[in-house]
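Asks: Sequence first, predicted coordinates after that:
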Amino acid sequence: MFNLEAKFTEAMFDIYRKAKSEANYPANIFLQMVTDNGGRATAKTLINAAKPSDGYTALYLRKRLDLTVEAEVIEHSRWHKLFTLEELERARRRLVAYGYTPRNSS
């Protein structure tokens with residue numbers, strides 16, 4: 001599981017880099033969270049929050065929900081075992097509520 005968690009953390013850093021370069025969104029708070037807590041803990045915090053983060057909203061406004069933690073978790077089935085069924089469903093519902101249709105899991 002540790003190796004999977006390490007790979008997931010790297011995927012979270014990739015999200016940060018893509019948001020900055022492709023969507024012109026410097027997700028500095030997200031970067032600090034991943035650096036301090038790791039990718040899994042950061043994703044769980046964001047997914048389980050009562051409302052979407054400011055970063056999620058910023059990416060929504062840029063029409064780039066594909067760069068959210070929720071999309072990364074839902075669209076890539078290799079990460080599913082890092083999360084509970086409830087967290088996966090919460091992430092999926094949030095994406096759908098904002099008009100984003102997740103791609104097939106890969």
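Replies: Okay, I see it.
Asks: ok, residue 52 touching residue 95?
Replies: No. Contact criterion C-beta atoms under 8 Å: residue 52 and residue 95 do not qualify, at 10.0 Å. Every residue, glycine included, has its C-beta placed from N, CA and C.
Asks: Who has more neighbours out of these two?
Replies: residue 95 (22 against 19; other C-beta atoms under 10 Å).
Asks: Give me the distance between that one and residue 44.
Replies: Separation of residue 95 from residue 44 (C-beta to C-beta, to the nearest Å): 16 Å.
Asks: swap in residue 89?
Replies: For residue 89 relative to residue 44 (C-beta to C-beta), the value is 14 Å.
Asks: Looking at the two, which is more packed in?
Replies: A count of neighbours by other C-beta under 10 Å puts residue 44 above the other of residue 89 and residue 44, at 18 against 13.
Asks: Backbone dihedrals for the more buried one, please?
Replies: Dihedral pair for residue 44: phi -60, psi -40, per degrees, to the nearest 10.
Asks: What distance do you get for the nearest residue to it once chain neighbours are set aside to residue 94?
Replies: Setting aside the residues directly before and after it, residue 44 is nearest to residue 87 in space (C-beta to C-beta, 6 or more residues apart in numbering), at 6.6 Å. Relative to residue 94, residue 87 is positioned 11 Å away (C-beta to C-beta).
Asks: where do the contact lists of these two overlap?
Replies: residue 47 (C-beta atoms under 8 Å, 6 or more residues apart in numbering).
Asks: neighbour-wise, which of the two wins?
Replies: Neighbours were counted for residue 87 and for residue 94 using other C-beta under 10 Å; residue 94 has more, 22 against 17.
Asks: I appreciate the help and will end here.
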